[in-house]
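Participant: With the sequence up front, the predicted model follows.
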Amino acid sequence: MNRSIKIVCMFLITALLVACGTAQENEKESDSTVLDAGSTEITEDLETSAKTEESANVWGQMPSFTAKDLEGNTVTESIFAEKDLTVVNIWGTFCPPCIGEMPELGEWAKTMPDNVQIVGLIIDINGEDDTAHHDLAVTITESAGAEFTQIIANGDFVDILKGVVGVPTTLFVDKDGNLVGEPIVGAYVDGYKAFVEEYLSGK
């Protein structure tokens with residue numbers, strides 16, 4: 001298995017707190033689950049990576065990447081240049097709130113302005129051989145009618161995912177790949193919509 005993919009997946013499994021419920025703006029109590037730690041080998045890899053790759057602001061810009069979507073198509077960072085604003089919904093198949101908001105995201109994607117798009121970033125498909133999680137993600141998105149692009153996270157996303165403390169986490173990216181606004185942690189579609197409206201009104 002590709003070492004960088006292993007690092008991404010095990011980093012998330014080691015470090016993420018699943019933000020089960022509402023966003024911080026709602027100030028409601030949310031359930032959270034601490035995930036089991038990964039193997040010693042991968043944990044040591046991450047500790048070494050953290051020491052050698054210092055980044056003061058992981059939220060500055062999306063990384064350059066070449067990845068696959070759920071349909072096997074190649075996706076690169078050029079996807080952001082297609083629209084003025086991209087909503088990036090980071091999620092996992094293990095996360096009930098992520099799954100719960102997916103139908104609403106699917107409906108929203110169909111009514112978005114022409115200059116806005118949403119893409120998913122799935123964090124728990126562990127390489128091309130992980131057909132179980134891949135098939136589960138397909139089932140989730142198809143059942144929800146979430147027909148927007150769903151990117152499978154790989155090693156290219158390590159730096160940006162270091163800043164993710166729970167899922168779902170939603171980021172907003174301009175056409176140059178810059179992150180704008182603040183990430184929203186938790187399933188809070190009304191908050192995503194409010195930011196998009198505010199951003200577009202300021203253009």
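Facilitator: Thanks, I have it. Only a predicted model underlies this, so the values are computations on that prediction, with no experimental measurement involved.
Participant: For the nearest residue to residue 66 once chain neighbours are set aside, give me its contacts.
Facilitator: In this structure, residue 66 finds its nearest non-sequential neighbour in residue 76, 5.3 Å apart by C-beta to C-beta, 6 or more residues apart in numbering. Quick note: C-beta positions are derived from backbone N, CA and C, even for glycine. Neighbour list for residue 76: 64-67 [criterion: C-beta atoms under 8 Å, 6 or more residues apart in numbering].
Participant: How much space separates residue 76 from residue 154?
Facilitator: Going from residue 76 to residue 154 by C-beta to C-beta, to the nearest Å gives 12 Å.
Participant: For these two, list the residues in contact with both.
Facilitator: 65, 67.
Participant: that older thread, what's the closest of the contacts of residue 76 to residue 118?
Facilitator: In terms of C-beta to C-beta, no member of those lies closer to residue 118 than residue 67, at 16.3 Å.
Participant: residues contacting the closest one?
Facilitator: By C-beta under 8 Å, 6+ apart, the contact list for residue 67 reads 74-76, 151-154, 156-157.
Participant: export those residues to CSV and tack on secondary structure and distance to residue 197?
Facilitator: Below are the contacts of residue 67 laid out as CSV (DSSP: H, G, I helix; E, B strand; the rest coil; distance: C-beta to C-beta, whole Å):
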residue, secondary structure, distance to residue 197
74, strand, 32
75, strand, 26
76, strand, 28
151, strand, 25
152, strand, 30
153, coil, 28
154, coil, 32
156, helix, 31
157, helix, 28
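Participant: And stretch 69-88, end to end?
Facilitator: Chord length of stretch 69-88, first to last residue, is 14 Å (C-alpha to C-alpha, to the nearest Å).
Participant: can you pull the buried residues of that stretch?
Facilitator: Neighbour counts over stretch 69-88 (16 or more other C-beta atoms under 10 Å) mark 69-70, 75, 77, 79-80, 83-88 as buried.
Participant: Max pairwise distance over those: which two?
Facilitator: With C-beta to C-beta as the measure, no two of the buried residues of stretch 69-88 lie farther apart than 70 and 84, at 24.9 Å.
Participant: what bits of the chain have low per-residue confidence?
Facilitator: Low-confidence segments of the chain (pLDDT under 70): 1-59, 203.
Participant: so residue 89 bridges to which residues?
Facilitator: residue 120, residue 170 (DSSP bridges).
Participant: Distance check, it against residue 105.
Facilitator: In this structure, residue 89 and residue 105 are 6 Å apart, going by C-beta to C-beta.
Participant: which residues are in contact with both of those two?
Facilitator: Common neighbours of residue 89 and residue 105, using C-beta under 8 Å, 6+ apart, are 118, 120.
Participant: residues in contact with the most centrally placed residue in the chain?
Facilitator: Nearest to the mean C-alpha position of the chain, counting by C-alpha atoms, centre = their mean, stands residue 90 at 1.7 Å. Contacts for residue 90 (C-beta under 8 Å, 6+ apart) come out as 120-121, 123, 153, 161, 164, 167-171.
Participant: Let's see that with 10 Å instead.
Facilitator: 12, 16, 98, 119-123, 151, 153, 157, 160-161, 164, 166-171, 183, 185 (C-beta atoms under 10 Å, 6 or more residues apart in numbering).
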